[in-house]
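Q: Can you look at this prediction? I've put the sequence above it.
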Amino acid sequence: MAEIFVIHENDAWVEPLRAAFAEIGAPFREWFVDRGALDLRRPPPEGVFYNRMSASSHTRGHRYAPEHAGAILAWLERHGRTVVNGSRALALEISKVAQYQALARFGIDTPDTIAAVGLEHVAAAADAIGYPVILKHNRAGKGLGVRLLLSRAAVDEHLASPGFEEPIDGITLVQRYVEAPEPFITRVEFVGGRFLYAVRVDTSEGFELCPADQCRIEADAASGGFEACPATAPSEKFRIVEGFQHPLIPAWERFLAANDIGVAGIEFIVDRQGRPWTYDVNTNTNYNPDAEARAGKHGMKAIARHLARLLQDRQRARAA
């Protein structure tokens, strides 16, 4: 029997999706990607495949999970399987440089950025961008490596400190800091390539904005602190915006369609002149349960229903 296959490397992030599948009675199976063998002599199983590979997989000990997922997706696509967030989506998930170039094709503005390969090039890149600057990892997730630095002296001090983290792919992004009139960004969620809802995220306590509860759990376990994700912070740090509208929604949807992205969260910030800047595309998106409960919206249920419809469509097509 054909099933929905969920490709991932983090059990905790799949829990809400498991519950959503159970609620609608959809047949599914998880494909945990870390180590294993992929027999290219055989065809893949029949079904619909949802790729939830994360750019931050290396922080959970799964260094080569994205590369393994890439091999699986190439195999699936060669055999004509229905894939949500295929190989092109994965390529954008693990490279913000690739994201920015793809967004630019649709007239979507991204902050001025220099990609520095090698620690010795970061300070000069910061001087060229101008201060203040943001440093971040090209292959990131969970706000890895994000630092706001106000001067060349601050950059030099950070680069020489234990707090500087070498990016897993060797690429540090040096980015112009976009100053917003209020301390928040907006994350726009899409399912089936279409707008679902937007969530306003309070940045007053930092820039590391993964919305899932599990991010906070990982941070507490690793450091005893409040670093990786303020998902359960007080004062409604994540708040779904009722009636959200934005002129960029059609452009974002065209960008998603052109890059084989069915499910994503796109983050943008508005500067003091009212100009929006898109700075991150999360093809492995998570949802804040408290914000959804308050608004009566459910991202994982929308994903489960979308995948179930694709499975039905595929079965009907094969039976015809």
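A: Structure received.

Q: where in the stretch 51-200 of the chain is pLDDT low?
A: Low-confidence segments of the stretch 51-200 of the chain, defined by pLDDT under 70: none present.

Q: For it, which segments count as strands?
A: All strands of the stretch 51-200 of the chain, identified by DSSP state E, counting those that start in this stretch, fall at 82-84, 113-117, 133-137, 147-149, 171-176, 184-191, 194-202.

Q: Give me the residue at the spatial middle of this protein.
A: Residue closest to the average C-alpha location in the chain (CA atoms, centre = their mean): residue 282, at 1.9 Å.

Q: burial count for the residue nearest to it when sequence neighbours are not counted?
A: Of all residues not flanking residue 282 in the chain, residue 265 sits nearest, at 4.3 Å (CB to CB, 6 or more residues apart in numbering). Heads up, the C-betas are built off the backbone N, CA and C, glycines and all. For residue 265, the neighbour count with other CB atoms under 10 Å is 23.

Q: next one: residue 194
A: 13.

Q: What of residue 181?
A: Neighbours around residue 181, by other CB under 10 Å: 10.

Q: list the contacts for it?
A: 270-272 (CB atoms under 8 Å, 6 or more residues apart in numbering).

Q: repeat for residue 102
A: Contacts of residue 102 (CB under 8 Å, 6+ apart): 92, 255, 258-259.

Q: From residue 126, how far out is it?
A: 25 Å (CB to CB, to the nearest Å).

Q: Repeat that for residue 192.
A: Applying CB to CB to residue 192 and residue 126 gives a distance of 40 Å.

Q: Give me the more crowded residue out of these two.
A: residue 126 (27 against 17).

Q: got the contact list for that one?
A: Contacts of residue 126 (CB under 8 Å, 6+ apart): 133, 135, 149, 152, 155, 174.

Q: For the closest residue in space to residue 74 that isn't next to it in sequence, give me its contacts.
A: Leaving aside its sequence neighbours, residue 74 sits nearest to residue 87 (CB to CB, 6+ apart; 6.0 Å). Residues near residue 87 by CB under 8 Å, 6+ apart: 70, 73-74, 77, 260.

Q: Turn the buried ones among these into a named ChimeraX selection, would you?
A: The buried residues among the contacts of residue 87 can be selected in ChimeraX (16 or more other CB atoms under 10 Å) with this line:
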select :70,73,77,260
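
Q: Please parse this structure into its domains.
A: 3-93+301-319, 113-176, 180-296 (automatic domain parsing).

Q: gap between the longest one and the chain center?
A: Averaging C-alpha coordinates over domain 180-296 and over its chain gives two centres that are 9 Å apart (CA atoms, centre = their mean, to the nearest Å).

Q: rewinding a little: just among the contacts of residue 181, which is most surrounded?
A: Busiest of the contacts of residue 181 [other CB under 10 Å] is residue 270, holding 17 neighbours.

Q: give me phi/psi at that residue?
A: phi -110, psi 130 (degrees, to the nearest 10).

Q: Correct me if wrong: it contacts residue 180.
A: Yes - between residue 270 and residue 180 a contact is recorded at 6.0 Å, counting by CB atoms under 8 Å.

Q: Enumerate the helices of the protein by residue range, in sequence order.
A: Ranges of helices in the chain, per DSSP state H, are 11-24, 65-78, 87-93, 96-104, 122-129, 152-159, 213-223, 249-258, 289-295, 299-319.

Q: Identify the farthest-apart pair in the contacts of residue 126.
A: Taking CB to CB as the measure, the contacts of residue 126 reach their widest spread between 135 and 152, a distance of 12.8 Å.
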